[in-house]
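from the sequence below, what's the structure:
(2 chains)
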Amino acid sequence: MITFIAITAVAVICVGLLPGAKMLSVGTALRALIEPDGKIDSILVWTLRLPRSLAAAVAGAGLAVSGYLLQTLTRNPLADPGITGVTAGAIAPIVVFFVFVPSFSSAYYPLVGLLGGTAAALVTFWVARGGNGRPLHLALGGLSVSLFLGAITIYVLLRAGPQSTALLFWISGGFSGRTWSHLALMLPWVIVAVAGALVLHRVISMFSLSDHAAAGMGVHLRLWKPVLLILAICPVAGVAPVAGPVAFVGLAAPHIARLLRPAGTIWEIGITAAIGALIVTTADVIARTAAIPKELPVGIMTALLGGPIFVYLIQRGRLDFRGDAT
Amino acid sequence: MTASATSTTPAKRWILPVSMALVVASFLAAVLLGVVDIPARDVIAVFSGHGSPEAKSIILDLRLPRIATGILAGIQFALAGYLLQTITRNPLADPSLMGVSQGATLTVTIFLLFTVYIFNPGSNTVAELPIAWLPAAGAVGGMAAGGIIYLMAFRLELSPLRITLCGIAIGAVLHALAIGLIAGWGSARIEIILEWLSGSLYARTWDHALFLLPFTVAGLAVLPVIYRPLSILQFDPVVARSFGLSYRKQFSLVLLVSCALAASAVGAVGPIVFIGLVVPHLARFLGGRRFSLVLSLTIVLGAVTVTLGDLVGRLIGGAEEVPIGVVTAILGVPVLIALLRKLP
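Just a heads-up that it's a prediction; the model follows:
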């Protein structure tokens, strides 16, 4: 299953090499991919299209795993980086630094994002009583945190003047013009999260039962809860400075993965990551081909995709509103 | 989750007069204070028909219209939130959280895209902005989003909590679409939409107040009609029907009123978040279980909150004022979070 999804994602990346302002044929693209010769076609493939598709795949995998971890931690099917306020928490301080402290190196933005995201998540979880409250609490708590930070972001944007356009495009989420160095910037964060989740799959599977059950089976809650939370925020911190918020991927991917009934937690994590990569890569390809030569922000595509899934989940009654278990 | 369980303190007689006095006080403060210092004597002179031309234009053309627009919008937001909270029996419902604001944002964005951008893209000429039409465009989008909430509520027979969550999801999708459109259209006159998006009373004219007035009046006029159904709609559908209420009809009516109030207000002043959410809670906290008192307090406090919030934004920022949407979000969120913590 996971190989199938991974192959599909790779296929989408390859197909994504073809369209654009200059259409390439399959043969040209493949030749440029295999033997880069410094001509326009291979520059198109190697410096423009490949890195951004790979960045999309990595970001998608990271965000999906982040959503998966948050859903497990809170045992709340609605949890995802956007809804828990983590994304807004990562974005707002970065915007503040970008506008008011231009000398601050952008290499540290992931760290800023990590701190901001963690702070926002802590507030949200405090409101939702550490995930013991009802889904509504988590959703509204995260929404309030997001709106609060969003108000600050908008205000900073208003003060930013000429920089606001660049910031706004970043805030709407996208992979346009992302290079290999962008990819390198976020890759370690995503790898930490995905690898960490895979290594800790036993702890995670116990967490998904309940706090009590996990404690009963010898999981040290006070140690592992914060660790999993940090792991969940890592990819957001890595992806946000590069691609901005990419909505709904973290929400949708784990649910789709569960629909496929994976054989165990470790497979669930793997499939979640693969599906996240597939979703964002596809969304990115659509976003840059739907209105050639203009680009749509990828956030629109993922929102259009994830929103209906969200509504479907709610109205199908898959969510339990008492909040004990799903 | 009963809507009025916030407080059990007995309602006090003095609350309503005091808050009425607060309206007058905040109104006077908003007229008197501002970036330009105008002595009280000059203000009185303006109102009695004398006064210098500068003072006249500042008071009559700048401050008064924006105060009037703010008061009307505040009443509408607060009332819309109160109505929706009551009928969905969800203390956290608010049209501006559930898609109405975002729907309005989307239509305003599309509207600006077609009127401003398509016809003269990238040019630096001062185009005639279709400001007069913005409120109408916003109101249409807000109503459409309200229609979606309505369809969900009845086609899918959702529980109020699910309606709230679906509303939030729909709002998020619409918001993402709007932001995407803005980002896609590029740099030309982006500040127009940003200013509107943050919820601002900046440069509101009498036209805005006149646009809002019929909605406010209609909303207040319909209150006596929906007053009794409203007090019954607080209960379960089953209980409400056993009172002899035609649940569906009345629910639709109140939802319609709520969405119309919120949508028109968003159209005129942009999405000022949290007025509709926080003010009814404040009213319930002060008014206890007395339905009529809470309702009137909601209206009065809505006006006060927006007037004061705008005043704070004007005074803090100086010449570059802080939009009221930012003020209310920053002041309102801690209140909301405290409420969320208190909720069972």
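
could you use CA atoms for every contact and neighbour count after this?
Will do.

can you give me the helices for the stretch 151-300 of chain B?
Secondary structure of the stretch 151-300 of chain B (DSSP state H, counting those that start in this stretch): helices at B:160-185, B:190-197, B:206-233, B:237-242, B:247-269, B:275-287, B:291-317.

out of those helices, which gets the lowest mean score?
Among those, helix B:190-197 carries the lowest mean pLDDT, a mean of 70.

make a markdown table out of the helices of the stretch 151-300 of chain B and add distance to B:L151.
Shown next, in a markdown table, are those (distance: least, CA to CA, whole Å):
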| stretch | distance to B:L151 |
| --- | --- |
| helix B:160-185 | 10 |
| helix B:190-197 | 27 |
| helix B:206-233 | 18 |
| helix B:237-242 | 17 |
| helix B:247-269 | 10 |
| helix B:275-287 | 22 |
| helix B:291-317 | 27 |
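
in JSON lines, list those helices along with distance to B:P39 and mean neighbour count.
Output for these, formatted as JSON lines (distance: least, CA to CA, whole Å; neighbours: other CA atoms under 10 Å in any protein chain shown):
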{"stretch": "helix B:160-185", "distance to B:P39": "43", "mean neighbour count": "24"}
{"stretch": "helix B:190-197", "distance to B:P39": "30", "mean neighbour count": "19"}
{"stretch": "helix B:206-233", "distance to B:P39": "24", "mean neighbour count": "17"}
{"stretch": "helix B:237-242", "distance to B:P39": "56", "mean neighbour count": "14"}
{"stretch": "helix B:247-269", "distance to B:P39": "29", "mean neighbour count": "25"}
{"stretch": "helix B:275-287", "distance to B:P39": "31", "mean neighbour count": "26"}
{"stretch": "helix B:291-317", "distance to B:P39": "16", "mean neighbour count": "22"}
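
any chance of CSV for these, columns distance to chain A?
Shown next, in CSV, are the helices of the stretch 151-300 of chain B (distance: least, CA to the nearest CA, whole Å):
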stretch, distance to chain A
helix B:160-185, 5
helix B:190-197, 7
helix B:206-233, 21
helix B:237-242, 19
helix B:247-269, 15
helix B:275-287, 11
helix B:291-317, 11
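
residue numbers of the stretch 101-250 of chain A in contact with chain B?
Residues of the stretch 101-250 of chain A found near chain B (CA under 8 Å from any CA of the partner chain) are A:127-129, A:136-137, A:139-141, A:144-145, A:147-148, A:151-152, A:154-155, A:158, A:165, A:168-169, A:172.

how about 7 Å then?
Proximity of the stretch 101-250 of chain A to chain B, by CA under 7 Å from any CA of the partner chain, involves residues A:127, A:137, A:141, A:144, A:147-148, A:151-152, A:154-155, A:158, A:165, A:168-169, A:172.

helices of the stretch 1-150 of chain B, residue ranges please.
Under DSSP H, counting those that start in this stretch, the stretch 1-150 of chain B gives helices at B:15-32, B:40-47, B:53-56, B:64-87, B:100-112, B:134-155.

thinking again about what came up before, ok, so of the residues of the stretch 101-250 of chain A next to chain B, who is nearest B:V335?
Closest approach to B:V335 among those (CA to CA): A:S144, at 10.1 Å.

surely that closest one and B:V333 touch.
Yes - using CA atoms under 7 Å, A:S144 is in contact with B:V333, at 6.1 Å.

need the contact list for residue 269.
Just going to use chain A. Residues near A:I269 by CA atoms under 7 Å, 6 or more residues apart in numbering or on different chains: A:V65, A:L198.

oops, I was thinking of chain B
B:V269 makes contact with B:G199, B:S200, B:L201, according to CA under 7 Å, 6+ apart.

and the first one, what is it in contact with?
Remark: with contacts taken as CA under 7 Å, 6+ apart, B:G199 is in contact with B:V269, B:G270, B:P271, B:I272, B:P323, B:I324, B:G325.

out of those residues, flag the one nearest to B:C166.
Among those, and counting by CA to CA, the member closest to B:C166 is B:P271, at 19.1 Å.

the more surrounded of A:S144 and B:V333?
Per other CA atoms under 10 Å in any protein chain shown, whichever of A:S144 and B:V333 has more neighbours is A:S144, with 26 against 23.

what's the helix or strand containing the more buried one packed up against?
If you go by DSSP states H and E, A:S144 is part of helix A:135-160. When contacts are defined as 3 or more CA pairs under 7 Å, 6 or more residues apart in numbering or on different chains; DSSP states H and E, helix A:135-160 sits against helix A:86-100, helix A:109-127, helix B:324-342.

quick one: closest of these to B:A21.
Comparing those under CA to CA, the one sitting nearest is helix B:324-342, at 21.7 Å.

flag every buried residue along the closest one.
B:324-330, B:332-333, B:335-337, B:339-341 (16 or more other CA atoms under 10 Å in any protein chain shown).

now swap in stretch A:236-256 and tell me
By 16+ other CA under 10 Å, the buried positions in stretch A:236-256 come out as A:236-255.

off-centre distance for that stretch?
Remark: stretch A:236-256 is offset 2 Å from the chain centroid, using CA atoms, centre = their mean, to the nearest Å.
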